[in-house]
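**Q** predicted structure and sequence below. I'll ask about it afterward.
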Amino acid sequence: MSTNMLTIVKHPLVQHKLTLMRQVDTATVKFRQLLREVSFLLAYEVTRDLELQTVEIETPLESMRSEILEGKNLCLVSILRAGNGLLDGMLDLVPTALVGHIGLYRDPTTLEPVEYYLKVPNRLDDRILIVVDPMIATGNSAVAAVSRLKEHGATRLKFVCLLAAPEGIEVFSAAHPDVPIYTAALDRQLNEHGYILPGLGDAGDRMYGTN
């Protein structure tokens, strides 16, 4: 498995909150809060290389030249439905980012992704895209989402997830070797149903209290 494009965010706060999320008795409201907090922290890591420009400003004491983000070309793309849990925390940090959504569900028999919705901003070729989904399990949904965004012109992409499995990383990296992945943990393996072990269960169900 190639890990050249994989970044595991080991910040103590990220790891602490992830441990709380993994626990089976963590309530829905707490799980949702923790996911938002972790995504805020992951956003720091994935945006550390955003381009800056220098502008002239006035402080209360004098003029100075200082740096701000260059343009408003950042776009966050959530893989529905669970991706919205990461999206919310990232928007807290970069509220000017544009937002896209891609709806995918995993066929329970084939484990292959089925697309049911796609709505993204225009001019993706001019934008930096950060695709968010709590899990890279089999990797199939992540591959499908990034492939569709590339079809719409995207060339600068990053993928952010909470957990990943080695099998999913291998599949994703083979399909999209140019897209870096940022995650809080690389877990042991998938089970026979395509769930990450030890994992934290189904992120969407735990976010929304469904089964």
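**A** Good, I have the coordinates. Numbers count the residues shown, from 1 in each chain.

**Q** hang on, Ile68 in a strand?
**A** Yes - counting by DSSP: H, G, I helix; E, B strand; the rest coil, Ile68 is found in a strand.

**Q** pLDDT value on it, please?
**A** Ile68 is assigned a pLDDT of 90 by the prediction.

**Q** the one 5 residues further on too?
**A** At Asn73, the predicted lDDT confidence score is 86.

**Q** verify the stated contact: Leu186 with Glu170.
**A** No - with contact defined as CB atoms under 8 Å, Leu186 does not reach Glu170; the gap is 11.2 Å. Backbone N, C-alpha and C define where each C-beta goes, glycine included.

**Q** so for these two, which sits in the more crowded spot?
**A** Per other CB atoms under 10 Å, whichever of Leu186 and Glu170 has more neighbours is Leu186, with 18 against 14.

**Q** for that one, give the beta-bridge partners.
**A** Beta-bridge pairing of Leu186, defined through DSSP bridges, involves Ala164.

**Q** quick one: it from Ile169, how far?
**A** When distance is defined by CB to CB, to the nearest Å, Leu186 is 7 Å away from Ile169.

**Q** what do you get for Ser66?
**A** Ser66 is 39 Å from Ile169, where distance means CB to CB.

**Q** lovely, talk soon.
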